[in-house]
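1. Provide a 3D model corresponding to the input given below.
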Amino acid sequence: MIKILKIILMGLILQSCTSSNTDPVNASWSLSVLPSSIRLDPSTKEIIDHRFDAVKQPQSFEKNLLLKNWIYNGEKVSLHAARGEYISFQLVLINNTGSTLKGIMVDMPPFKNKDIQFKISPEFFLEWAVEVKTPSTGYSKASLGEGWYPDALIPFKYIQMDSTKVRRRWTFPLELPDFNNRIDQQQSLIVWVDQYIPFQYEDAKPGTYSTKISVAIDEQIQDIPVELNIWDFAIPNENKLKGSLQHEGFLSRMENNQELETYKLFKRNRVSLMDPTYKPDLKISDAKNVILNWDAFDARLKKYFTGEAFTSEYGYDYGPGYGEPLEAFILPFNVFGKHGDAGWPDTGKPDVERNPENIALYRNVIKEVRSHLQNMINPQKTELTVYLNGLDESYFPEAWDRMVYYGEIFKKDYPEVRFRIDGSYSEEAMEVVKNSINSWASHTINYNIERIRKYQEMGIEDWIYGPMLYESKVNSWVGSTTFIDLPLVNDRAISWSCWKYNTYSWLSWGVGAGWERAWYDPETWKDTYKTGSDSDAGFTYKKLNGNGLLIYSPGIIPNVYGACPSIRLKTMRDGVQEYEYMRLLSALDGNEDRINEIVNNIIKDPFGEKSIGNLDVWSFDAEQWDLARLKMGELIHEAKQNR
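-> Numbers count the residues shown, from 1 in each chain. This is a model prediction of the structure:
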């Protein structure tokens, strides 16, 4: 009898140590789950994106989403996804005491149902917060203000969660408050959870799958059930939108292993990278003969052009774009111009570049490059572009004349490439260059769709680039779309806007601007000046938070040996995935009526001169965006089921 009582007592003890999400009032710590479309201030437990009050917001912004929200009912997480995409959520660990929580263990087995268990496990990231001390310059209304913003996502492989695997010293233990992040009065530790849904039908058949996410601290365990509903469709393996980040020299200056890991990281997140500074070794003989040595170029880049870099052979075991080559590549051609750099090949300044010997030299290099790359690059898979940085944003007739001159050369000597110009070009300028270009990256402040449609109809591929919001004209300072302290939905809106306006794609400057110091100083673009073409009487300086930065550098935080993505990159990825929903539904319907109704309910009238001073350009309610995604998914699922 005594033995039986001991067994019962032990069971009661274990039951008290292991529970579902324990009542935070009676526990030293508690758990919650938030959607991936919002951010939580880890020091105040405030939803950062609900601070946006530049336009009227719904009453739902006043609710405590840690108790209940649109993916978490307080007891269970409910997710929906298609094959071939990522679905994400955020686990929030809340410290209800003044003591440090140590020895934190997080676990989540693979999803399964009665027939299938996923072969792909969830991916965990620790959210690292940066402190915004000054709102981004020019955004006094739109900025979400000062405070701690979770942004960098550190893969758990760099976190020392299991003490049995730590030798000698701990350099990054999982603790709350965070051992390294040093967040003022930190109350919450946030874990980003990514789940890739297998692309193959047999690996993720339609239906409901389940698992649970659990946290163990000392002898106490809490867990939350997670349910995942898989729709009966897949988004394409390849990245058809080709939304891109361009950053001159950022990739080409890397050592090979870091470069490979960076390309794989962005392939996984469905964002293309452009760096126009990759080039073969070029020598010009005394007789003006062209000598190109491709050995180093080919050894470095061939795996990206064939798609081998994105296979298990190079450690890319699964994910979007498996086996697919680079979506885009900018050729190294350039001319002398506004930046004062020599052209490639160097044919001198404008007064001599059209001399017969210089014309012959430039065209010979074009032909040599085309001849070599034809055997390596499939232009149907990898879009080849010529972008002459010396003529970037050049707003005077002499530059337009040079655009026409070089555009005609490439049209004749390398017809497979796109000849792209970048800038806020006037109608006068476009009338000069329109027949000699086939690609135009139009700055958002200049993107007046009534005028743009004229060039779309001519077959010119239009890209949007630049800031998403315009409090004033001064915001046109930069060519990057992304800021840490502006609403997170902006990074999703760029792909949705492409659908609304039938835009070819989007482009943003900067991959990792200031990516080393950004761990501790988010002002990635910071300068002051006396005079300049972009100066403004009210702003003789710039302090822009996270501008041109989507990943964080390895080697800065202890034990973090690889580049880390940002929450804003994940949000860009979600927008690209949702663009594919739009493409799928319109194809199934045979028209765009239903999808346009959904998109137009979210996206209003952004960009162009009319947007200056108007911040009410799309919904800033993340729940509305997420519900629109659910509606698109359900409509596609139903259409596939009814066929």
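2. can we go C-alpha only for contacts and neighbour counts from here?
-> OK.
3. Over to Leu34. Which of the three states is it?
-> Following DSSP: H, G, I helix; E, B strand; the rest coil, we place Leu34 in the strand state.
4. can you pull the contacts of it?
-> Taking C-alpha atoms under 8 Å, 6 or more residues apart in numbering, we find Leu34 in contact with 65-66, 69, 71-72, 89-92.
5. try 10 Å this time
-> 40, 47, 65-72, 77, 88-92, 190, 192 (C-alpha atoms under 10 Å, 6 or more residues apart in numbering).
6. before we move on, what about Thr385?
-> When contacts are taken as C-alpha under 10 Å, 6+ apart, Thr385 is in contact with 274, 276, 328-333, 416-420, 438-439.
7. Assumed it was part of a strand.
-> Yes: Thr385: assigned to a strand according to three-state DSSP.
8. May I have the beta-bridge partners of it?
-> Ile330, Arg418 (DSSP bridges).
9. Would you quantify the distance from it to Ser439?
-> 9 Å (C-alpha to C-alpha, to the nearest Å).
10. Please apply the same query to Lys240.
-> Applying C-alpha to C-alpha to Lys240 and Ser439 gives a distance of 17 Å.
11. Name the residue in the two with the higher neighbour count.
-> Taking other C-alpha atoms under 10 Å, Lys240 and Ser439 do not tie; Ser439 has more neighbours (24 against 15).
12. which residues sit in contact with the more buried one?
-> Taking C-alpha under 10 Å, 6+ apart, we find Ser439 in contact with 385-387, 417-422, 455-456, 459-463, 504.
13. Spell out, range by range, the helices that occur in the stretch 251-400 of the chain.
-> In the stretch 251-400 of the chain, the helices defined using DSSP state H, counting those that start in this stretch lie at 256-268, 295-306, 356-373, 397-413.
14. Nearest approach to Asp521 belongs to which of the ones you listed?
-> With C-alpha to C-alpha as the measure, helix 256-268 is the member of the helices of the stretch 251-400 of the chain nearest Asp521 (21.7 Å).
15. Show me what that closest one packs onto, helices and strands only.
-> Under the contact criterion of 3 or more C-alpha pairs under 10 Å, 6 or more residues apart in numbering; DSSP states H and E, helix 256-268 touches strand 272-274, helix 295-306, strand 551-552, strand 564-565, helix 567-589.
16. tell me the angle the last one makes with helix 256-268.
-> Our comparison of helix 567-589 with helix 256-268, counting by axes from the mean of the first three to the mean of the last three C-alpha atoms, to 10 degrees, yields an angle of 40 degrees.
17. Likewise for the second one?
-> Computed by the same axes, to 10 degrees, the angle separating helix 295-306 from helix 256-268 equals 20 degrees.
18. on contacts alone, who are the packing partners of helix 295-306?
-> Other helices and strands packing on helix 295-306, by 3+ C-alpha pairs under 10 Å, 6+ apart, are helix 256-268, strand 281-284, helix 356-373.
19. among the ones you listed, which is the most enclosed?
-> Greatest average neighbour count among those goes to helix 256-268 (a mean of 18), per mean count of other C-alpha atoms under 10 Å.
20. and that one, average pLDDT?
-> Helix 256-268 comes out with an average pLDDT of 98.
21. Just the pLDDT for Leu12.
-> 42.
22. quick one on the thing from earlier: tell me the one of the contacts of Thr385 nearest Ala342?
-> Closest to Ala342 out of the contacts of Thr385 is Phe333 (10.5 Å), distances taken as C-alpha to C-alpha.
23. Need the pLDDT of the closest one.
-> At Phe333, the pLDDT value in this model is 98.
24. So it sits against Arg370, correct?
-> No: Phe333 lies out of contact with Arg370 (C-alpha atoms under 10 Å); the separation is 11.9 Å.
25. in the stretch 201-350 of the chain, which spans are strands?
-> Assigned by DSSP state E, counting those that start in this stretch, the stretch 201-350 of the chain shows strands spanning 207-217, 220-234, 244-246, 272-274, 281-284, 290-293, 328-330.
26. re the thing from before, output the helices of the stretch 251-400 of the chain in JSON lines, with distance to Gly145 appended to each entry.
-> Formatted as JSON lines, those follow (distance: least, C-alpha to C-alpha, whole Å):
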{"stretch": "helix 256-268", "distance to Gly145": "29"}
{"stretch": "helix 295-306", "distance to Gly145": "41"}
{"stretch": "helix 356-373", "distance to Gly145": "49"}
{"stretch": "helix 397-413", "distance to Gly145": "41"}
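27. among the ones you listed, which is nearest Arg629?
-> helix 256-268 (20.2 Å).
28. Filter the contacts of Ser439 down to the buried ones and hand me the PyMOL line.
-> Command for PyMOL that selects the buried part of those, burial taken from 16 or more other C-alpha atoms under 10 Å:
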select buried, resi 385+386+387+417+418+419+420+421+422+455+456+460+461+462+463+504
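29. For Gly343, find the nearest of the helices of the stretch 251-400 of the chain.
-> Once these are compared by C-alpha to C-alpha, helix 356-373 is nearest, at 9.8 Å.
30. any residues touching that closest one, and which ones?
-> With contact meaning C-alpha under 10 Å, 6+ apart, helix 356-373 is reached by 279-280, 282, 284, 288-292, 294, 298, 302, 305, 331-333, 335, 343-348, 352-355, 377, 379, 406, 409-410, 412-417.
31. Between the two ends of stretch 556-566, how far is it?
-> Its first and final residues considered, stretch 556-566 spans 15 Å by C-alpha to C-alpha.
32. how about that stretch: buried residues?
-> 556-557, 559-560, 562-566.
33. Pull the most distant pair out of these.
-> Greatest spacing in those, by C-alpha to C-alpha: Asn559 and Ser566 (17.9 Å).
34. State the number of residues packed around the closest residue to Arg83 other than its chain neighbours.
-> With sequence-adjacent residues excluded and distances taken as C-alpha to C-alpha, 6 or more residues apart in numbering, Arg83 is closest to Ala234, at 4.3 Å. By the measure other C-alpha under 10 Å, the count of residues near Ala234 is 23.
35. And the one 4 residues further on, by the same measure?
-> Neighbours of Glu238 under the rule other C-alpha under 10 Å: 19.
36. go on, the one 10 residues further on?
-> Applying other C-alpha under 10 Å, we find 16 other residues in the vicinity of Glu248.
37. burial of the residue lying closest to it once chain neighbours are set aside, as a residue count?
-> Distances taken as C-alpha to C-alpha, 6+ apart put Asp275 closest to Glu248, at 5.0 Å, once the chain neighbours are dropped. Using other C-alpha under 10 Å, Asp275 is surrounded by 20 other residues.
38. now do Ser285
-> When counting by other C-alpha under 10 Å, one arrives at 9 neighbours for Ser285.
39. Could you pull up the contacting residues of the spatially closest residue to it that is not a sequence neighbour?
-> Spatial nearest neighbour of Ser285, excluding adjacent residues (C-alpha to C-alpha, 6+ apart): Ile291 at 7.5 Å. Neighbouring residues of Ile291 by C-alpha under 10 Å, 6+ apart: 280-285, 365, 368.
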